[in-house]
Every structure is written in C-alpha cells, then in structure tokens.
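Engineer: Take a look and give me a structure for this.
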Amino acid sequence: MSILPSSIYWIRRDFRLTDNAALVAAAQRGAVVPVFVCDAQVDGLGAAPKFRLELAIEAFAKLLEALGSQLILRCGNALDVLRDVAKEVDASAVFWNRLYDPASVARDTGVKAALKEDGLEVESFQGALLFEPWTVKTKTDGPYRVYTPFWKAVRGTPVPEALKAPSELRPPSDWPKTERFDDWALSSAMRRGAAVVRPHVRIGEDAAQDRLARFCEDLIADYKARRDWLDAEATSELSDALSLGEISPAQCWYAGRRSMQEGAAGAEHFLKEVVWREFAWHLMWHYPEIDTKNWRTEWDGFSWIEDESHPHFLAWCQGRTGQKLVDAAMRELYVTGKMHNRARMIAASYLTKHLGIHWRLGMRWFEECLVDWDPASNAMGWQWVAGSGPDAAPYFRIYNPETQTEKFDPQGRYLAKWLPDEVFGVSDTAKKFYDAIPVSWGLSLNDKSPEPLVALAGGRARALAAYESFKSQ
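Structural biologist: Numbering: from 1, shown residues only. Got it, this is the predicted structure:
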C-alpha cells in the first residue's frame, strides 16, 4: 500500500472548514497534519483576545476530530516548529492562509523562504480578505486613502465563491506529538473576568454561520436604520468570528449580496461595513505603522496626554468618568468583551478630546479588553475618531455623550443595562461588572456615582482651543 504524501496545514486565524483554501489544498494533496503554533505573536496578545483565541482553538479541534483528524499544538518559534513537525511526519509541503499585519508578514516571509530552501513545497492563500491589498489601486497606481473611492473601486469586483469544506481529512501514517492545551493557559490573564465574559461569546464556525443566517433573515432589512441604536439588537455580531476566521468575509459578502437582491433595505450598508474592514487592512498593508504612529504626521506635534498613569485615563478604563454613556460603554466592554460600535466612537472621542488623552492609550486598552480585537480596524478606528488618521472625522467633530444618549438611547435602556439606575434599579448585567474587574481596583456596587471628570462644555472648549493652538504652530 502506497503512503500518502503529507502536508502541514499551518493554522493561524482561520478556524473554519468552509472557504479555507489552505486546508483544501492540503486535503487534495494527501494526508493533512493541522498545526497551531503558540509563538511570540500569540504570547503578545492582550488578555481578552488570547482568551477568545483559546475558545476558537478548542472549537476547531472538535471540528477536525469529527473529520477523523487531529490538531497538533506546539509552542515555540514558528519556523523551528514547522521544521520539526515536517521531519516527524515526513511532510513535503506546508500551506497556510495569509495574514497582513506587519509582524505576521515579516514572520511568514522568513518562514516561506527558509522552508523552500529546505526543499519543501510552500504556498500561502487568500482567505482573510475579499481583495488582496496590493490589487486595489487608484488611477495613479497608488493605495486608496479615503474610504468612499475605495468602496466604489471594489463594489463591482468579483469575489471568489466560498470553497466547500473537505469531506474528509486523511491522517498521516503516524501522528506527531502534541502539547497539552490546558498547559498553555491562554485565558489565565483574564482571571475572574473569563467566567463573566464567557456566556456572551458565540464560539466556532457553526455558531458564526447560524448568526449570519439569522441576521440576514431577521435583522439586515433594518440594519442601516437601527445599527446605531444602543439598546437594539440590530447588528450581525460577527466581529470576533471574522477576526479569528471562524467565518470568511466572502461568506458575509455573498450573504449580504443575496439579501440585497431580495430587496433588503439595509443589505448594501452591511456590505459597506464589510468593505470598511477591508479598507482598514488595505491601510495597514500600505501604512504598516498605522497602529503606532499618527497616520497624518503633522499630528505628531499635537499636545495629547501620553501618561497612562494619569488619573483621568484610569477613570476612563474603570467606567468612572461621570459621563453615563461613556461609563456604560466601558462597563459593557468588561462584561461582554465587546462594545457597541456607536459607543466605541463616543468613548474614544471623550478620551481623546474631552480628556485630551492620546489615542494610542485607548487603542492599547481596547487591544487588551476586546474579544473581537482586530489590529487594523482597532488602529484605524482610533485614528479616525482622534482626527489623526486617514479619511478621519475632523478633530472639531466632538461627540457629546448626553446628546448622543438622547438620540440613540432615548429610553435609557442601554444606560440601565450597564449602570446602577435610580429608576430601573441595578440590573444583573450592571452587577456583573463588579465580578469582572480587577480586585485591585477596589470598586464595589456601594460606591457613589462619580462626579464628571470634566464638564462637557468645558472639555469641548479646551479641545477646540488645543486644536486652534496646534493649527497656528
């Protein structure tokens, strides 16, 4: 009996069977050895992203087992691990789906070159994006810097149909050793918060597919009209599944297109949001320092506060600014690992403008706390709100939390869900905040409501004065 050639499928952020080009290529070639490497990039993740990653790995391992396969877990340098496994199973090929953040690009480029020198067949595939960032160009052959022209350029571009999941994954002659998943303790940094956030997380490919189907059936028609309402269930809730590849953007794109063809009023706007994520990655690819430096370099001279020990920054992190909508948003983040998109903009605007604190501090806090953390979207979103980024909201556009509450939470239901309320009392979700936060904060439900750190009018005036001073330099 002939022995099948073995291929390593290197898993990174693509925890799905359907529309997985690297997995399909490996399955068509022969025996498949799925490998996940816990390397320095995994170790460097924030507490919530690492916790969510752990859940994704566990769910994907079960999908592989259902196909008669096995997930091999190894810690170490990615190149060293892949070389070791290739020797152990006599693999002749390594496949993976591409990532586009600077650290992954640098790592993967080195790994590909080294493995090819070793004589292995190595190929990477598209899967995390609809369009490769280098393929979408302006008429002058450069990258897009503004979203609307980017949307117009890609909205009619063909998107490859989603690939079917392999019907089977043939095993190697002998499985290599795997490390114990429990020994990794990826969620340990979440501490007691893990138990609070866990019920709010939908995990795995099947859950993502179910959520997309339900969104398209029940919610997409009103998506444009209701997506900013803080107390409404109106969005797809697929951000964490997309960030970990439990669902592909192509699957979301075609589901949205079908809904649009069926006449759903909000479907095109949903497609625009899928492409907004795409635009963020387009920018990170072409401007790889977008998560560390002001995209518009003239903002390097702006007088933001950059001291993370500043008491105003701590109060913002703790949801104790005295501005109810901002505090509710920060508490939603701690209990669920997510934050409503409208609330994200308001909380970010308050930090960078009313409090005058640098966007990088807020971006890093979100990187620590979001289960749907996405490096490109997080960086672009913060720079967009702060005014220093591409296609940014003007700095003088300063969200007023009170008027935003009147517009998007007129009945106060969002506030009552996350804050102790004189009328509604204390909801179970508001209580959970105190179960999730670090004990070292020393906060309790009996604490008095905080006084506002700054008056809204005064904070706005200070921000505008700083902006005028900055412009006159």
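Engineer: quick one: L163 and R211, what's the gap?
Structural biologist: 20 Å (C-beta to C-beta, to the nearest Å). For glycine as for every other residue, the C-beta is placed from the backbone atoms N, C-alpha and C.
Engineer: And the strands in the stretch 1-150 of the chain?
Structural biologist: 6-11, 31-38, 72-75, 91-97, 121-125 (DSSP state E, counting those that start in this stretch).
Engineer: quick one: strands adjacent to the last one?
Structural biologist: In its sheet, strand 121-125 lies beside strand 91-97 (parallel), with partners assigned from DSSP bridges.
Engineer: highest average neighbour count across the strands of the stretch 1-150 of the chain?
Structural biologist: strand 6-11 (a mean of 26; mean count of other C-beta atoms under 10 Å).
Engineer: Kindly reformat the strands of the stretch 1-150 of the chain as a markdown table containing distance to I290 and mean pLDDT.
Structural biologist: Formatted as a markdown table, those follow (distance: least, C-beta to C-beta, whole Å; pLDDT from 0 to 100):
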| stretch | distance to I290 | mean pLDDT |
| --- | --- | --- |
| strand 6-11 | 26 | 98 |
| strand 31-38 | 26 | 98 |
| strand 72-75 | 30 | 98 |
| strand 91-97 | 22 | 98 |
| strand 121-125 | 23 | 98 |
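Engineer: Figure out which of the ones you listed is closest to P311.
Structural biologist: With C-beta to C-beta as the measure, strand 31-38 is the member of the strands of the stretch 1-150 of the chain nearest P311 (36.6 Å).
Engineer: who touches the closest one?
Structural biologist: Residues outside strand 31-38 that contact it (C-beta atoms under 8 Å, 6 or more residues apart in numbering) are 4-12, 23, 26, 57, 64, 69-76, 78, 81-82, 85, 89, 91, 169-173, 175-176, 184, 186.
Engineer: now stretch 155-174
Structural biologist: Contacts of stretch 155-174 (C-beta under 8 Å, 6+ apart): 3-4, 6, 17-21, 23-24, 27, 30-34, 64, 67-70, 89, 91, 126, 130-131, 136, 248, 250-251, 253-254, 271, 275.
Engineer: Give me the buried positions along it.
Structural biologist: Buried residues in stretch 155-174, counted by 16 or more other C-beta atoms under 10 Å: A162, L163, A165, P166, L169, R170, P171, P172.
Engineer: Which ones among those map onto strands?
Structural biologist: Secondary structure of the buried residues of stretch 155-174 is defined by DSSP state E; no position falls in strands.
Engineer: Closest one of the residues you listed to A329?
Structural biologist: Nearest to A329, judged by C-beta to C-beta, of these is A162 at 34.3 Å.
Engineer: Now do the phi/psi pair for the closest one.
Structural biologist: Main-chain torsions, A162, degrees, to the nearest 10: phi -60, psi 140.
Engineer: give the contact list for the nearest residue to it once chain neighbours are set aside.
Structural biologist: Ranked by C-beta to C-beta, 6 or more residues apart in numbering and with sequence neighbours excluded, the top spatial neighbour of A162 is D19, at 3.8 Å. By C-beta under 8 Å, 6+ apart, the contact set of D19 is G127, A162, L163, S248, A250, Q251.
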